[in-house]
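Participant: any chance you could fold what I've pasted below:
(2 chains)
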2 protein chains.
Amino acid sequence: MKHKIDAIETPAFIVNTAIAHANINRFQRHCDTVGLRLRPHIKTHKLVDFAKAQMAAGAIGITCQKISEAEIMATGGLDDILITFNILGAAKLQRLRALQDRVTRLMVVADNEQVVAGLAATFAGAPKSLGILVECDTGARRCGVQTPKQALSLALSIAAAHGLTFAGLMVYPPVGGQAKTAEFMTETTQLLAAAGLACPMISSGGSPDMWTAATDDIITEYRIGTYIYNDRSLVARGVCTWDDCAAHVLATVVSAPTADRVVIDAGSKALTSDLMGFSDYGQIVGYPDARIVTLSEEHGVVSIASGAKITVGQRIQIVPNHVCVVSNMFDTIWMGTDGDFVQHRVDARGCVT
Amino acid sequence: MKHKIDAIETPAFIVNTAIAHANINRFQRHCDTVGLRLRPHIKTHKLVDFAKAQMAAGAIGITCQKISEAEIMATGGLDDILITFNILGAAKLQRLRALQDRVTRLMVVADNEQVVAGLAATFAGAPKSLGILVECDTGARRCGVQTPKQALSLALSIAAAHGLTFAGLMVYPPVGGQAKTAEFMTETTQLLAAAGLACPMISSGGSPDMWTAATDDIITEYRIGTYIYNDRSLVARGVCTWDDCAAHVLATVVSAPTADRVVIDAGSKALTSDLMGFSDYGQIVGYPDARIVTLSEEHGVVSIASGAKITVGQRIQIVPNHVCVVSNMFDTIWMGTDGDFVQHRVDARGCVT
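Facilitator: Next comes the predicted model:
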């Protein structure tokens, strides 16, 4: 059933599907032009329909961060899935094994021998071998082997294991870290070649550097999530414009206690506390000087210019600082164009395991 | 089905029910001793069973922040509910009206005339009048009328409206703001008395000041949420001890890229970005010097002393900075004592409207 925006109860997460599809298509065309395979990360939207739209536009497959996300996507018909997370523990390994039977291609990553050992024990007798990418740390200081030599060593372990195939390298680079990433990857592929190991793919990712992703000429696949919706952090980085922001939190002004303060019905349980370098919690559309200065769980306190025309009962739209975590707060989102919105369940919300 | 903690997949939200019940009972006894009626806020646990346990221990009713939370609690059998939020808009007002028919007592708050007007229009023909508390701002700078005179004015509007009853005053005071709150409330009750209006209740709240809540001798009811689980922020304030913390995030170490860093499978989609004055994202039990320094959505980067014994595959427990938002991230929680845990749905998770 279609709803006009004024009929949507607040707070709500609303997505302009025309803008989202334009964002999907624009970056897919860019990747097609520069010869980069695109593997969108579904963590941002967590929706089967948008994953299918990304595939229809030309993506080679999808990226998930959790097995539970991948399970939902597989049920929805997605059949080429990379999980960019070290999988550990008997229960998760069994789920991964079962998932492999349901898709055409499943790949995961590993950055240490314990993870490789668990995967090898699980997939030793599987009918298909499991492709493993070696995760490399080129400066983001999260997961990843620290040196090309460590990458080689882990690749050799993978290649030697029954049931596993060395599928390439994976990196989540620091913003602006392309030169160092290219250097690391070049050195690693040379070591791999000298050891007789082909490196079928090198997967990098991240929305902040999306438009210059292919300039190092060594990355073959790109993983990216935020670009489908965009958010305030990407506008601030110059990656997109406000008009490219497809997702907003719709809120209602519920109180105006003083001339310079209003309170909205969206707090940290809607907007989250992610600052992303800002000192406030989102940008209110049409009110460039208003600042969401404090969040309680269900209240947002907005500092306004004295006498600004924001009144009790008024509905506002907020571009969140970081959209990927906001879409994970809502059980349902409202999708539409031209003012008509339909409510959808967020298929993979809360998929923590 | 009971699970040992080692069989629970991570990340997970686990609650020691013995500690939670001890927390419920300890503060209820305190309130009974000092003559304060307790109206626990269910926003922290969002569980019908714990709300019932709070009632069984002696609470006078419950507090909710959202109609959707109250609807779920009413379905679960809770029948004395205060919603401490300005309710605005046709859809919400109709839901509130329907909810009133389902419970013995329903009360809401208002801090402005628009809210009172909407409530009055909705409840004018209702068989029962709706009790309204006037929300006062005594320094927390969120919602609330700013002066006792404004409180009187709004109370008179409520009392004059068909279908509404002036039920008293409500405040969410700033931490340590009891003296100023008492002054505001005393002056307001004097104004109300002079105008011939009785003030049946004065409701205050907040976990940080819970043990001194009754010292001002004017508060009649207390609203409190966090105390059932407790968290790192309350330990830091001296309100409870680590042993009183009933809720933990269970996580697995998935990577140890360097000697001074490990990575866990709990990120901002499990722990949230709430800092609560800390510079890191939770306290790891048994590792007082380890610091969760950075969160991605699904990774937590932990800084450890070089050579500290935290290894890949190891499971850790984290006391969150702010437990109320963490319990809202998980569709299910694991509840248990003595190492046996049962999975429960978080009844009112994501109840944003």
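
Participant: just the buried positions in stretch A:326-345, please.
Facilitator: Within stretch A:326-345, the residues that count as buried by 16 or more other CB atoms under 10 Å in any protein chain shown are A:326-330, A:333-336, A:341, A:343. All C-beta atoms are positioned from the backbone trio N, CA, C, and that covers glycine.

Participant: contacts only, for A:Arg223.
Facilitator: A:39-41, A:63, A:82, A:84, A:203-206 (CB atoms under 8 Å, 6 or more residues apart in numbering or on different chains).

Participant: near chain B, which of the buried residues of stretch A:326-345 show up?
Facilitator: With CB under 8 Å from any CB of the partner chain as the criterion, the buried residues of stretch A:326-345 include A:328-330 near chain B.

Participant: how much space separates the most centrally placed residue in chain A from A:Tyr281?
Facilitator: Centroid-nearest residue in chain A, with CA atoms, centre = their mean: A:Gly225, separated by 3.2 Å. As judged by CB to CB, to the nearest Å, A:Gly225 and A:Tyr281 stand 21 Å apart.

Participant: A:Thr212 now?
Facilitator: 29 Å.

Participant: same check, this time on A:Ala124
Facilitator: A:Ala124 is 49 Å from A:Tyr281, by CB to CB.

Participant: more neighbours: these two, which one.
Facilitator: Comparing A:Ala124 with A:Tyr281 by other CB atoms under 10 Å in any protein chain shown, the one with more neighbours is A:Tyr281, at 27 against 12.

Participant: part of a helix, is A:Val301?
Facilitator: No - applying DSSP: H, G, I helix; E, B strand; the rest coil, one finds A:Val301 to be strand, outside a helix.

Participant: so it sits against A:Thr294, correct?
Facilitator: Yes - the pair A:Val301 / A:Thr294 is scored as a contact, 4.2 Å apart, by CB atoms under 8 Å.

Participant: so which elements touch the lowest-mean-pLDDT helix or strand in chain A?
Facilitator: Lowest mean confidence among the helices and strands of chain A (mean pLDDT, DSSP states H and E): strand A:3-4, at a mean of 90. Contact here means 3 or more CB pairs under 8 Å, 6 or more residues apart in numbering or on different chains; DSSP states H and E; on that basis strand A:3-4 packs against strand A:340-345.

Participant: pull the distance from the strand it packs on to the chain's centre.
Facilitator: 21 Å (CA atoms, centre = their mean, to the nearest Å).

Participant: cool, and stretch A:2-15?
Facilitator: 24 Å.

Participant: ditto for stretch A:139-149
Facilitator: Taking mean C-alpha positions (CA atoms, centre = their mean), stretch A:139-149 and its chain are 20 Å apart.

Participant: touching chain B at all, that stretch?
Facilitator: Yes - Stretch A:139-149 reaches chain B (CB under 8 Å from any CB) through A:141-146.

Participant: just to revisit the earlier point, sitting in helices, which of the contacts of A:Arg223 do you find?
Facilitator: In helices, judged by DSSP state H, none of the contacts of A:Arg223 are found.

Participant: now the two most distant members of the residues you listed.
Facilitator: A:Leu82 and A:Gly206 (14.9 Å; CB to CB).

Participant: returning to that earlier point: give me every residue that touches the residue nearest to the centre of chain A.
Facilitator: Applying CB under 8 Å, 6+ apart, the residues contacting A:Gly225 are A:40-45, A:63, A:207, A:324.

Participant: tell me, which of these make contact with chain B?
Facilitator: Among these, chain B is touched by A:43, A:324 when using CB under 8 Å from any CB.

Participant: and the contacts of A:Gly225, which is closest to B:Val171?
Facilitator: Distances from B:Val171 to these, taken by CB to CB, are shortest for A:Cys324, at 36.3 Å.

Participant: for the closest one, give me its contacts.
Facilitator: Going by CB under 8 Å, 6+ apart, the list of residues near A:Cys324 reads A:43-44, A:225-226, A:231, B:297.

Participant: wasn't it part of a helix?
Facilitator: Yes - checked against three-state DSSP, A:Cys324 lies within a helix.

Participant: assumed A:Leu192 was part of a helix.
Facilitator: Yes - using three-state DSSP, the secondary structure at A:Leu192 is a helix.

Participant: measure it to A:Pro148 for me?
Facilitator: 9 Å.

Participant: would you list the buried residues of stretch A:326-345 in JSON lines and tack on pLDDT and secondary structure?
Facilitator: As requested, those are exported to JSON lines (pLDDT from 0 to 100; DSSP: H, G, I helix; E, B strand; the rest coil):
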{"residue": "A:Val326", "pLDDT": "98", "secondary structure": "helix"}
{"residue": "A:Ser327", "pLDDT": "97", "secondary structure": "coil"}
{"residue": "A:Asn328", "pLDDT": "98", "secondary structure": "coil"}
{"residue": "A:Met329", "pLDDT": "98", "secondary structure": "coil"}
{"residue": "A:Phe330", "pLDDT": "98", "secondary structure": "coil"}
{"residue": "A:Ile333", "pLDDT": "97", "secondary structure": "strand"}
{"residue": "A:Trp334", "pLDDT": "98", "secondary structure": "strand"}
{"residue": "A:Met335", "pLDDT": "97", "secondary structure": "strand"}
{"residue": "A:Gly336", "pLDDT": "95", "secondary structure": "strand"}
{"residue": "A:Phe341", "pLDDT": "96", "secondary structure": "strand"}
{"residue": "A:Gln343", "pLDDT": "97", "secondary structure": "strand"}
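
Participant: got the phi and psi for A:His299?
Facilitator: With angles defined as degrees, to the nearest 10, A:His299 sits at phi -120, psi 140.

Participant: so who does the residue nearest to it when sequence neighbours are not counted touch?
Facilitator: The shortest distance from A:His299 to any non-neighbouring residue, by CB to CB, 6 or more residues apart in numbering or on different chains, is to A:Gly267 (4.9 Å). Shown here is A:Gly267, whose contacts under the criterion CB under 8 Å, 6+ apart are A:295-300.

Participant: mind running it again at 10 Å?
Facilitator: A:11, A:251, A:273, A:281, A:292, A:294-301, B:65, B:142, B:325, B:352 (CB atoms under 10 Å, 6 or more residues apart in numbering or on different chains).

Participant: filter the residues you listed down to just the ones in strands.
Facilitator: A:251, A:292, A:294-295, A:300-301 (DSSP state E).

Participant: A:Met170 is in contact with A:Gly144, correct?
Facilitator: Yes - with contact defined as CB atoms under 10 Å, A:Gly144 reaches A:Met170; the gap is 8.3 Å.

Participant: any common contacting residues for the two?
Facilitator: Common contacts of A:Gly144 and A:Met170 (CB under 10 Å, 6+ apart): A:109, A:111, A:134-136.

Participant: which members of the residues you listed additionally contact chain B?
Facilitator: Filtering the shared contacts of A:Gly144 and A:Met170 for proximity to chain B by CB under 10 Å from any CB of the partner chain leaves A:111, A:135-136.

Participant: tell me the one among these nearest to A:Ala18.
Facilitator: A:Glu135 (36.0 Å).

Participant: residues near the closest one, how many?
Facilitator: For A:Glu135, using other CB under 10 Å, the count is 27.

Participant: cool, A:Ile19 as well?
Facilitator: There are 18 residues near A:Ile19, going by other CB under 10 Å.

Participant: tell me the secondary structure of it, please.
Facilitator: A:Ile19 is classified as helix under three-state DSSP.

Participant: for A:Lys128, same thing?
Facilitator: Under three-state DSSP, A:Lys128 comes out as coil.

Participant: burial of A:Asn23, as a residue count?
Facilitator: A:Asn23 - counted by other CB under 10 Å - has 20 other residues nearby.

Participant: that one contacts A:Val323, doesn't it?
Facilitator: No - A:Asn23 is beyond contact range of A:Val323, at 11.3 Å (criterion: CB under 10 Å).

Participant: before we move on, the earlier item: farthest pair in the buried residues of stretch A:326-345?
Facilitator: For the buried residues of stretch A:326-345, and using CB to CB, no pair is farther apart than A:Asn328 and A:Gly336, which are 20.4 Å apart.
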